[in-house]
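A.B. asks: Just need the structure, nothing else, for what follows:
(2 chains)
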Amino acid sequence: MRTWLAPSITATRAFAVLSLAILLPAQSPAGDSLERIVGTTKSIVSESLPPVAEVRARCGSDPLCAARFLAATIGRNAKLERVVHPDTDQIRGVHSQPSVTGATLSREGTAEIKLDRFGRAAVREFNDRYQALAAQGTVRRLILDLRANGGGDFRRMLKLAALFTGPIPDAIVLHGKNGITKIEFPKAQRLVSELPIVVLVGPQTASSAEILAAILRVHADAEIVGSRTFGKNYLHRVVPVDHDWRLLVPAERIEVPGTTVAGGLMPDRAD
Amino acid sequence: MFVKNLLPKTIGAVVLAAVMASPALALEGNIGDYVFVPNRSSADVAIIDSRTDEVIARVAVGNVPHQVAVSDSLGKMVASNTHDNTISIIDLETLKTTATVTLGHEPEHMEIGPAGNTLAVGNIGEGTISLVSLVENREITRIAGLHEPHNMTFSPDGTQLFVGNLGANFVSVIDVAQGKVVAELGVGTDRALGALSSEDEHQGIINVTSTPDGRLGFAAFGDGDEMAVFDLRTREKVGEMKLGDTPWRAYATADGRFMIVPNNGDETVSVFSTTAPFKEVARLKGAADMTGVNTGWFETTAFVLSRGDNKLVILDLVEMKNAGEIALPGGTPETAVTTPDGTKLYVALSGTNEVAVIDVKNRELITKISGIGEEPWGAHMVGALNYCH
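C.D. replies: Numbering: from 1, shown residues only, chains lettered A, B, ... in the order given. Below you'll find the predicted structure:
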């Protein structure tokens, strides 16, 4: 059996060279938080958004008011959201909500892994669970279940995707305010062998999860099975507002050359 | 050497009770000879005499003490009682609590200013910083506008406080005299989210780690896999670098030559030069859930604490290579402190309620001290490079 995952987490070192720096919006100016919130939001969305002076005239120095005003100005895709404060024990790795919620290996050698989120330990979890299955027996096929995955951190998803794809130039194209940027996957040894992959999707498969399915279709020859995905093919950029609130600003539209994600990823076949 | 580990548990309990019941012992000699260990579950601070490796006192504080700080100029120890939203101020002459000060929600991390009379406390549950006068034993001001404030670093003159925001990708700069945030220094790219719901586990900036001369500060952004270098005098960003996957924070060597950054996502450790262009001089093998790095013996050796694998990973900083491990079965190392002379390392083991003592030069375990308390969470010494996770 050719293992398709690196025997250790060291393979993920390749992620360090992911050229996500090209996603950089302009550096937000030092200054009070109002300036930062307005400046960062304008750099992501549009310079035509209200200037700091206008926001300050309306809101004084209240960052939450400023964020509400900006969200209303931008429109429906902007979200002012309450921060879910992580238990600092989670940050220290004491406990964490699992990303992999199921992993089985059939007698026929079909490994099925259910990935419900892109948590901080998602790559490690995935690696560990797969290695455990491979230790049980020969893996001849992989089913990746994304039906309950509503997305998550974009970078973390890309780190997981790179386990399957290896070096892919221009794998993802982002269409944003500053034009088109292309993300190149790292020039690393391909970690995925010719293992047949099936990705299960459905209407709850959203955003980073449906992008992952699209990436695997195009670059890992995965078969997509189920029903059309949610259809959120754009990123939000996180602008911290205050301790309890953050502004999610619609940023780049995501394109996976070779397939269509806009409107939802259509499966190759139904269940 | 404290030999409790050779005694049956019941006899040890009797000895422990004697330590607790005896009149509080004033600390003799140099305050720098003592190791202070907060115990989260037993709500006290153990004091170890590093000359004998014996527990000489356990001082009751509030519930869930997260960190301790010591002002040697004032002869006071402070414990942050995270559950009670207070700090306990203890007189080191009498080992008695002289004040309990109510602060904001969930005070966790603390930093004493260079003069020893001002204490900054991060109320991580409400996004504020309390500035406390240790002379007057009271909160002077509470500063809002932080984002899950974690560790803090004073400028050498004490006029500025640099705060790592766990909930953001920028460092907040506080003007101490004005009592407010005066700047936000960005690190890396704004976080990209492709999701329907907001639940997630973010990791912003744990700390701004300064070089020993206080000139430069290194801030790692966990979710961005990046680190920025700031000139702490001018607040100018003077460097940026890519790290490994999900870096924790930077730890300075005492000689100021290197910054050591554990990358928890890929279990590696980055070693950076502190001289421009801040090159990564080595990427070494780490372990799971690394929450501390300590150096010593003329900065030839680093110990990386792995909570996940219950061990210390040893790094040779001369040859820049891995140099072995020290297993601590079941121990769950939390944080540690190297004695100021660089010869011994004290590691808090929450899993076994002990403190491991390491010979830094020979890179081996000397002993484990028992009778510490329950769930020791850290170790602190005056004059050492202290940190908390």
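
A.B. asks: for chain A, which residue is closest to the average position?
C.D. replies: Of all residues in chain A, the one closest to the mean position by C-alpha atoms, centre = their mean is A:Phe154, 2.3 Å from it.

A.B. asks: Pull the number of nearby residues for the residue lying closest to that one once chain neighbours are set aside.
C.D. replies: Take A:Phe154 and drop its neighbours on the chain: the residue closest to it by C-beta to C-beta, 6 or more residues apart in numbering or on different chains is B:Ala192, 4.0 Å away. Heads up, the C-betas are built off the backbone N, CA and C, glycines and all. For B:Ala192, the neighbour count with other C-beta atoms under 10 Å in any protein chain shown is 24.

A.B. asks: Identify the bridge partners of B:Ala192.
C.D. replies: A:Arg237 (DSSP bridges).

A.B. asks: quick one: contacts for it?
C.D. replies: A:20, A:23, A:153-155, A:235-238, A:251-252 (C-beta atoms under 8 Å, 6 or more residues apart in numbering or on different chains).

A.B. asks: Now A:Leu163: which helix or strand?
C.D. replies: Secondary structure assignment for A:Leu163, by DSSP states H and E: helix A:154-165.

A.B. asks: so what's the residue of chain B found nearest chain A up against?
C.D. replies: Residue of chain B nearest chain A, by C-beta to the nearest C-beta: B:Gly127 (2.5 Å). Contacts for B:Gly127 (C-beta under 8 Å, 6+ apart) come out as A:242-244, B:144-149, B:167.

A.B. asks: and what of B:Thr82?
C.D. replies: B:63-66, B:106-108.

A.B. asks: can you give me the helices for the stretch 1-150 of chain B?
C.D. replies: Under the criterion DSSP state H, counting those that start in this stretch, the stretch 1-150 of chain B contains helices at B:9-21.

A.B. asks: Contact residues of it facing chain A?
C.D. replies: Within the stretch 1-150 of chain B, the residues that sit near chain A (C-beta under 8 Å from any C-beta of the partner chain) are B:108, B:124-128, B:145-148.

A.B. asks: one step back: from A:Tyr234, how far out is the residue nearest to the centre of chain A?
C.D. replies: Going from A:Phe154 to A:Tyr234 by C-beta to C-beta, to the nearest Å gives 11 Å.

A.B. asks: Please compute how far stretch B:125-145 lies from its chain's middle.
C.D. replies: Counting by C-alpha atoms, centre = their mean, to the nearest Å, stretch B:125-145 is centred 19 Å from the centre of its parent chain.

A.B. asks: do the same with stretch A:143-159
C.D. replies: 6 Å.

A.B. asks: Could I get the buried residue list for that stretch?
C.D. replies: For stretch A:143-159, the neighbour count (16 or more other C-beta atoms under 10 Å in any protein chain shown) marks A:143-147, A:149-159 as buried.

A.B. asks: one step back: which neighbours do A:Phe154 and A:Tyr234 have in common?
C.D. replies: B:Gly194.

A.B. asks: And A:Ala132, its phi and psi?
C.D. replies: Backbone torsions for A:Ala132, taken as degrees, to the nearest 10, come to phi -60, psi -40.

A.B. asks: Spatially nearest residue to it, not counting backbone neighbours?
C.D. replies: Distances taken as C-beta to C-beta, 6+ apart place A:Ala103 nearest to A:Ala132, at 7.0 Å, with adjacent residues excluded.

A.B. asks: how about the helices of the stretch 51-200 of chain A, start to end?
C.D. replies: A:52-59, A:63-74, A:88-91, A:122-136, A:154-165.

A.B. asks: With mean pLDDT as added columns, please give those helices in JSON lines.
C.D. replies: Shown next, in JSON lines, are the helices of the stretch 51-200 of chain A (pLDDT from 0 to 100):
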{"stretch": "helix A:52-59", "mean pLDDT": "96"}
{"stretch": "helix A:63-74", "mean pLDDT": "96"}
{"stretch": "helix A:88-91", "mean pLDDT": "64"}
{"stretch": "helix A:122-136", "mean pLDDT": "90"}
{"stretch": "helix A:154-165", "mean pLDDT": "87"}
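
A.B. asks: So which of the ones you listed is the most surrounded?
C.D. replies: helix A:154-165 (a mean of 24; mean count of other C-beta atoms under 10 Å in any protein chain shown).

A.B. asks: Please enumerate the strands of chain A.
C.D. replies: A:79-82, A:100-105, A:110-115, A:141-145, A:151-153, A:172-176, A:179-183, A:197-201, A:223-226, A:234-242, A:245-255 (DSSP state E).

A.B. asks: most tightly surrounded among the ones you listed?
C.D. replies: For the strands of chain A, the highest mean count by mean count of other C-beta under 10 Å goes to strand A:151-153, at a mean of 26.

A.B. asks: Provide the contact partners of it at residue level.
C.D. replies: Contacts with strand A:151-153, where a contact means C-beta under 8 Å, 6+ apart, come from A:117-119, A:122, A:157, A:206-210, A:232, B:191-196, B:200, B:202, B:223.

A.B. asks: re the thing from before, next, work out how far apart the residue nearest to the centre of chain A and B:Arg58 are.
C.D. replies: Distance from A:Phe154 to B:Arg58, counting by C-beta to C-beta: 48 Å.

A.B. asks: Equivalent analysis for B:Asn165, please.
C.D. replies: With C-beta to C-beta as the criterion, B:Asn165 and B:Arg58 are 34 Å apart.

A.B. asks: Could you point out which residue ranges in the chain have low pLDDT?
C.D. replies: I'll assume chain A. A:1-31, A:87-96, A:185-193 (pLDDT under 70).

A.B. asks: Not quite, go with chain B.
C.D. replies: By pLDDT under 70, the low-scoring segments of chain B are B:1-26, B:198-200.

A.B. asks: so who does the residue nearest to A:Ala132 touch?
C.D. replies: Contacts of A:Ala103 (C-beta under 8 Å, 6+ apart): A:111-114, A:129-130, A:132-133.

A.B. asks: Now for the residues you listed: which two are most distant?
C.D. replies: Every pair in those was compared (C-beta to C-beta); the two farthest apart turn out to be A:Lys114 and A:Ala132, at 14.1 Å.
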